[in-house]
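[1] The following block contains a protein sequence and its predicted model.
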Amino acid sequence: MLGFLGTAGIVAGLIGYLLLVVRSIRVARTGNRKGSLAAPVQMILAGSVIAMVALVVALVTDDFSISYVANHHASTTPFPFNVASAWGALEGSIVLWGLVLSIFTWIVFRKYRQTPDSLGAGALAVMGIVGVFFFGLMVTVSNPFEVCVLAAERSCLTSSPWPFATVQAPIEGAGPNPLLQNHYMMAIHPPILYTGYVGLTVPFAYAISALALKVPGPEWIYRSHRSTLVAWSFLTAGIVLGGWWAYEVLSWGGYWAWDPVENASLMPWLVATAFLHSAIVQQRRNMLQAWNFILVISMFSLTILGTFLTRSGTINSVHSFTQSAIGPALLGFLVLVLVGSFSLFATRSHLVSSAPRMRSLVSREGAFLANNLILTLYAFVVLVGTTYPLFLEAFTGTQVGVGGPFYNRLALPLTFTLLLVMGIGPITPWGSAEPAMLWRRLRLPVVIALIAGVLVALFITRNGWVVLACVMGAFVVGTLAGLLIEQARARENRTDESLGRAVAHVVKGDKAFWAGQLSHVGVVVVAIGIAFASNLALHDVVVLEPGDSVSFAGFELIYESPFQIEEPQRTVRGARITVLREGDLVANMEPTANFYANDGAGIVTPAVLTRPRGDLYLSLRNFDSASITLALDTSPLVWLLWVGGLTAAAGGFLALGSRRTERKSANRRLTADV
Amino acid sequence: MNGRALKIGALTVAAAAIVFSVVLASRFGRDPGLVESPLLGQPAPMFELEMLDGSGTFDMADLNGSIVVINFFASWCLECRSEHADLVATSDAFADRNVRFVQIGYQENPTSTLAYLQDAGISQSTIYLQDEGSRAAIGYGVFGIPETFFIDESGTVVGKIIGEADALILGATIDSIIAGETPGQQKTGDTQQRPDS
Amino acid sequence: MSEKSKNLAVGVVVAILAILLASLVISQPANDDRVQQIGASIKCPVCQGESIADSPASMAVDMMGLVEQRVDEGATNEEIIDELMGSFTGAVLLDPPVSGATLLLWIVPLLALILGVVAIAWWKTHPPEESGGDVPTPEHRSNRRLVGGLIVIGGLAIIIGVATLLIQDGTGATSGAAETGAEILAGNLDDVSNETMEAVIAANLDNAEIDGMRLALAERYFELGDYRSGFPHFLAVAQSPIATDDQATIALVRLGWMAYDGNGEVDTATELLDQALEISPDSPVALYVKGQVLWCGAGDTATASALFEEILTQVELPEDTRSRVQADLNLAGTGAACT
């Protein structure tokens, strides 16, 4: 029954998207809106929701007649992991993907109804093509609603896409991947990340629509900018939560391993960040039109590439799904997107080469250009690092690994240059900046930054990277504070308001700008957090017997006793550890190893004690009746990463609230410039 | 940027995308984790290891001049369990042909390995060793078990089987080594990694 | 204070602070924990992406132990890394060297940076020609070209898809699970040594389909005259409940011959051969061997001749068999002793 419902949902989605493509192309070509797009959009939305609901209900009700449920769920899987299993494996993740895509399609449709031009219709056609592809995948090679026709004891061996096939369901399912049922973050991280990922389809759709309809004017850039902002905010939050999840679950004390899957989400994020900035340049100065098209196309292509890398089984990764026929399909789609978009772009190249050139590189647009150069170079480095081993092996048969040290070495100079530009950019005026005036604005922040650096070096650490990160952070925050105070003072003098009120008015007056600066502060906080956590961490491994104690990083840890808890879906074995500081009880920590029925290996779950100065991180390395081997880590200020990352995302969401007002003022300015 | 440069650039990107995709496509059907052992054709690393039952040490260099089959195994490895009978049988069958089997416990407490062996069966002609600190496993570059290495009479690594082996594959590999061939690397199935904790 | 003296003052402060900061940072002893350095550049072989310094996996811990030992022994970083690469390949290297196969990896980003800077410089100084804003081609033509291009691309995508599927099929055989012993029992065993067959049989005792290989192995021993090695296999086939009639017949015939030829037990031999003939009454081999046993062992030339004649009545007899039986028949008919 649920299998039938779900299949009906994805088939309805596919038909809806096909209809949408046909009808919206007609509308875009003729401008005649008579053929309603509402019906296909409703059909798409209904189909996607039905499919998702059917899958979740099948999981929650332990309907093992559906092979996806049989292979990725067990009746003992508790909430919220039973729901999260809906996107914990390949086929289900595509259903979520489809649902998010449909929601974005609906949003684009609403926008289309509010505007008279045909840009929206063209964009809907592009969304439709993407939707046809993903729903086509679900109907063919990646159908999550196949019913089980031959069951093993705890899994399904053979399944059939025909919902009325004779069902043979296993009595119990295999259960989800243990790593994915170990932390509640699994329930929220993928949907947020997917929203970011899929959201990047919208700016792409507008860009292709603008190219195809030959309307590369300002309208597409406004809509693409705004929709990128939505996607970017979710993507930022998704990446941060992913790092947090890794930190809390993977038991090695890290949050980022330059794993291909992490890289796959970082690349579009970097390009989207570049686009968020260069879109402003086009809106303000009518420059970089062609470049913006390139960025948006790259951004979307990188999401498809990332999806391919994580779902085709061609790259080894902790998060990658197993190999399936979906790989060639995604690769074909990637080729279609890249070749199609760039060929279309080539045929429109004469339309998009915008005339204005910048007067001086020492200007706001110059800073944006530097920002774009660094960010795209950054994305390129990650792309090269991720794919280089594939190329080398394909051409020479030599195997090489490319990992953390490579990326760190290139990312560090890029990041610090970026922070420098981040500090200088916002205080640099448009057009061309007087060096003397720039220096006047910079000198105080430079002094503040250096003083901050000296203080850090004297009282906290003399580690060069940490000091440099603090100097750059203080510089960025200093320039921003200086700018805010300068503008508030001017307003104060003008209006006789108190400084506090003036600051509030200044921020309200250009909310988008200051929201962007909030994101900058978030990035600075992340940079400082990374510098501290990766340079000043302490690490030790100890063997303890019950009653033993050990001193570590100012803490006294006492191993009280082992314990074991039987839960329906797993056995939890752990160690009770009392943590004292200067004789006072700080916490009781319980690092555990969890053993799941479908995986004899067991998953180690660390215990994390978060304190303002940093985390105490305990994970079990070995566990037997007599003793435990315990890995001890401190991660100084690691919480800055989560706070900073989520602040950056919040900046993106806040900027959304005011994009329209900025657009009007930008229009005014643009006409005034001309 | 003027239009023509853009056009050429865009078409170049499109062409590059096709090349890129073809390279990616060449990866399909390949196991991304499969690594060709660099030991093949090289002198075999020899270790002096403790016997599994703790009855002394054994220097693998003493086997020079014999064909040596080195198998890494553990009781937690399902594939190892299912290939065990074949290893015992092959070791017995080739005992008179100057072929020696060495089975090295991998990432496991020797007591557990020994208990498992006593249950699973022991070949009188096989040498069972423990690997303190994984020195042998590191020396042989073991990614996961079971992995089985074949060393010819001159002490050169000439073959490797990744995954579960059976008597026919083991025997045929030894046959070809006796015949003076180098069988090379072969993957028969999945390998397992040690459950941690 | 004038703007100029303000700038000067700030300049001096900045310079002092910068020097102070630099000296503070530089005076920090460099991280010379070589074990950690090496560990950070080697990927844990049983993990994904983590270095052996980071990974809690026991293999990684052991590898760190080895690195520590080698550092203590005085090995250089390069030596230790080369040793590990000698066992695990470059795939475990997280930090690719700026040389050899990975030189390009470091050069490409640099080239991209240079290209980016050059492109910006070029862009800044080269505004498009004034005619650039016009539409040089008629609209329908460019549209048609677009559609054509998209069709070509779609075709390419399909070709790549199909090609990759084909590649997948091609490589599937090599990367897939190898045939098990039982699967190729019926296949060509010429290249398989006796020991291998023994091993396969020993490992597959519970596999009833092993009879083919047993028989092949036993035949080898039989031909070499090694009755002792062949006997248990012939016996096993003869007793196998699922052996084919042909297999059981040949096993019984061989057992019969070995009983006579090896032990001189004519009665046992006859009994076994009769069992064979019960299964396959027309088997020329069984008839012939029984004749031989009766003739040579019991001197019963009459029965032997009768059996030989019975063979010769069969139509589908290979020519050399026919001539051999004929020769024996002629000899036995004269009442001569067997040879």
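    Structure's in. What do you need?

[2] got a list of what B:Cys80 touches?
    Applying Cβ atoms under 8 Å, 6 or more residues apart in numbering or on different chains, we find B:Cys80 in contact with B:73-74, B:145-146, B:164, B:192. No exception for glycine: its C-beta is placed from N, CA and C like everyone else's.

[3] what about the residue nearest the centre of chain B, distance to B:Ser37?
    Central residue of chain B (Cα atoms, centre = their mean): B:Glu147, 2.6 Å from the mean position. In this view, B:Glu147 and B:Ser37 are 9 Å apart by Cβ to Cβ, to the nearest Å.

[4] shared neighbours, the two?
    B:Lys160.

[5] quick one: low-confidence ranges for chain B?
    Chain B contains residues with pLDDT under 70 at B:1-2, B:29-34, B:194-197.

[6] in it, what residue is nearest chain C?
    Relative to chain C, the nearest point of chain B is B:Gly171 (2.5 Å; Cβ to the nearest Cβ).

[7] would you say that residue is within a helix?
    Yes: under DSSP: H, G, I helix; E, B strand; the rest coil, B:Gly171 falls within a helix.

[8] Help me confirm that the residue nearest to the centre of chain B comes into contact with B:Ala74.
    No: counting by Cβ atoms under 8 Å, B:Glu147 sits too far from B:Ala74 to count as a contact (11.4 Å).

[9] For residue 156, the count of nearby residues, please.
    Unless you meant another one, I'm taking chain A. Per other Cβ atoms under 10 Å in any protein chain shown, the neighbour tally for A:Cys156 reads 26.

[10] The intended chain is chain C.
    17.

[11] try A:Arg440
    Residues lying near A:Arg440 (other Cβ under 10 Å) number 16.

[12] does it belong to a helix or a strand, and which?
    A:Arg440 belongs to helix A:435-459 when assigned by DSSP states H and E.

[13] Return the set of buried residues in whichever helix or strand comes after that helix.
    Later in the chain than helix A:435-459, the nearest helix or strand by DSSP H and E is helix A:464-495. Neighbour-count burial for helix A:464-495, counted by 16 or more other Cβ atoms under 10 Å in any protein chain shown, picks out A:464-480, A:482-485, A:487-488, A:491-492.

[14] From those residues, pick out the ones that also neighbour chain C.
    A:464, A:467-468, A:471 (Cβ under 8 Å from any Cβ of the partner chain).

[15] Closest one to chain B out of those residues, please.
    Using Cβ to the nearest Cβ, those come closest to chain B at A:Gly464, 33.8 Å.

[16] pLDDT score assigned to that closest one?
    In this model, A:Gly464 is scored at 86, pLDDT.

[17] One more: C:Asp169?
    46.

[18] Tally up the residues packed near residue 154, please.
    Unless you meant another one, I'm taking chain A. 17.

[19] was after chain B, sorry
    Neighbour tally, B:Ser154, other Cβ under 10 Å: 10.

[20] and it, that one's in a helix?
    No: B:Ser154: not assigned to a helix; according to three-state DSSP it is coil.

[21] so how far is B:Gln186 from it?
    21 Å.

[22] next one: B:Asn98
    From B:Asn98 to B:Gln186 the distance is 23 Å (Cβ to Cβ).

[23] And these two? Which one has more around it.
    Shown here are B:Asn98 and B:Gln186; by other Cβ under 10 Å, B:Gln186 has more neighbours (17 against 13).

[24] Helix, strand or coil: sort out the residue nearest to that one when sequence neighbours are not counted for me.
    Of all residues not flanking B:Gln186 in the chain, B:Ile161 sits nearest, at 5.4 Å (Cβ to Cβ, 6 or more residues apart in numbering or on different chains). State at B:Ile161, reduced to three classes by three-state DSSP: strand.

[25] what about the helices in the stretch 51-200 of chain C?
    C:58-72, C:77-88, C:103-125, C:139-175, C:194-203 (DSSP state H, counting those that start in this stretch).

[26] tell me, which of those is the model least confident about?
    Lowest mean pLDDT within the helices of the stretch 51-200 of chain C: helix C:139-175, a mean of 57.

[27] List the buried residues for the one helix or strand A:Phe563 maps to?
    Per DSSP H and E: A:Phe563 is located in strand A:555-566. Residues A:555-559, A:562 are the ones in strand A:555-566 that count as buried (16+ other Cβ under 10 Å).
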